[in-house]
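*Asks:* Build the 3D model from these lines:
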Amino acid sequence: MKSAPLYPKPVDFRKSIDGLAALVELDIKVAVFDPVLFVFLNKARNRIKVLYWERNGFCLWLKRLEAKRFKTTHELTYDVIVLTVQELHWLLDT
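*Replies:* Down below sits the predicted model:
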């Protein structure tokens, strides 16, 4: 993994692979086939999705918190935030 861009706006989690890949290409302007983990949060910040390409297909990973919210060290703005590996681990360990 080279990087983990955090999508800057809350995402409608009814979107699946194709919808999230379109957001990556249109808004982040990074090729979805690059060795990158694309990170998305919903508005309530109790769900996180990670999209990535692995050799011959897309993988979509989802984590849902029951009582807490995901916390980021960055405020969500309109700019993509590139998380370090450590920041991604902290976010997932919320």
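*Asks:* Excluding covalently adjacent residues, which one is nearest to the residue positioned nearest the centre of the chain?
*Replies:* By Cα atoms, centre = their mean, the chain has its centre lying nearest to residue 39, at 0.9 Å. Spatially, and ignoring its direct neighbours in sequence, residue 39 is nearest to residue 6 (4.6 Å; Cβ to Cβ, 6 or more residues apart in numbering). Glycine gets a C-beta too; all of them are placed from N, C-alpha and C.
*Asks:* so how many other residues sit close to the one you found?
*Replies:* 21 (other Cβ atoms under 10 Å).
*Asks:* got it, and residue 30?
*Replies:* 15.
*Asks:* host element of it?
*Replies:* For residue 30, there is no helix or strand it lies in under DSSP states H and E.
*Asks:* Please apply the same query to the one 10 residues further on.
*Replies:* For residue 40, the element it lies in under DSSP H and E is strand 38-41.
*Asks:* could you point out where the chain is predicted with low confidence?
*Replies:* Low-confidence segments of the chain (pLDDT under 70): 1-2, 73-78.
*Asks:* Okay, strands next: where are they in it?
*Replies:* 4-6, 38-41, 47-54, 57-64, 81-83 (DSSP state E).
*Asks:* So which of those strands is nearest residue 28?
*Replies:* Among these, the nearest to residue 28 by Cβ to Cβ is strand 4-6 (5.6 Å).
*Asks:* what's in contact with that closest one?
*Replies:* Applying Cβ atoms under 8 Å, 6 or more residues apart in numbering, the external contacts of strand 4-6 come out as 28, 30, 36-41, 50, 72, 74, 76, 80-85, 87-88, 91.
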